[in-house]
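> predicted model follows, preceded by the sequence.
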Amino acid sequence: AVNTAMERLHEEFGEKFSQVFKTITVDNGAEFADFAQIEKYGTKVYFAHPYTSWERAQNERHNGLLRRYVPKGISIENFSDEDILWAADALNSLPRKNLGYCTPEELFEAFLDIVCAA
């Protein structure tokens, strides 16, 4: 499913894919077993060591934020796709101190404008 999602993103961004996704860091979970093939698009893939959450600090922070909507101990499978998309939209609309109090959504849109204009 992860590789399918990445293929869809590649279709969406086409030749700009590696400019939008310069690097991707994943863990060694089974869902990422064939993930290195994404490098064929020019994106560098890094594999974090098992049990080293500090290597993925931003990811762990976002997991903590997601817990506002999907409490720990409750399977994410209990939530509809719409619920998860709503939570993602809500999280991407939250201003972040480390982003100068801009939202991830604002900065990503501005970044895409630059990439697409080039």
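On my side now, so go ahead.
> only C-alpha atoms for contact and neighbour calcs from this point on.
Fine.
> tell me where the chain has strands.
23-26, 44-47 (DSSP state E).
> partners of the last one, with directions?
Here strand 44-47 is paired, per DSSP bridges, with strand 23-26 (parallel).
> list the buried residues of the strand it pairs with.
Within strand 23-26, the residues scored as buried using 16 or more other Cα atoms under 10 Å are Val26.
> now find how far off-centre it is within its chain.
Relative to its chain's centre, strand 23-26 lies at 9 Å (Cα atoms, centre = their mean, to the nearest Å).
> and for stretch 59-71?
With Cα atoms, centre = their mean, you get 13 Å for stretch 59-71.
> next: stretch 91-106.
On the basis of Cα atoms, centre = their mean, stretch 91-106 is displaced by 15 Å from the centre of the chain it belongs to.
> now that stretch: buried residues?
So stretch 91-106, judged by 16+ other Cα under 10 Å, has buried residues Leu91, Asn92, Thr103, Pro104, Glu105.
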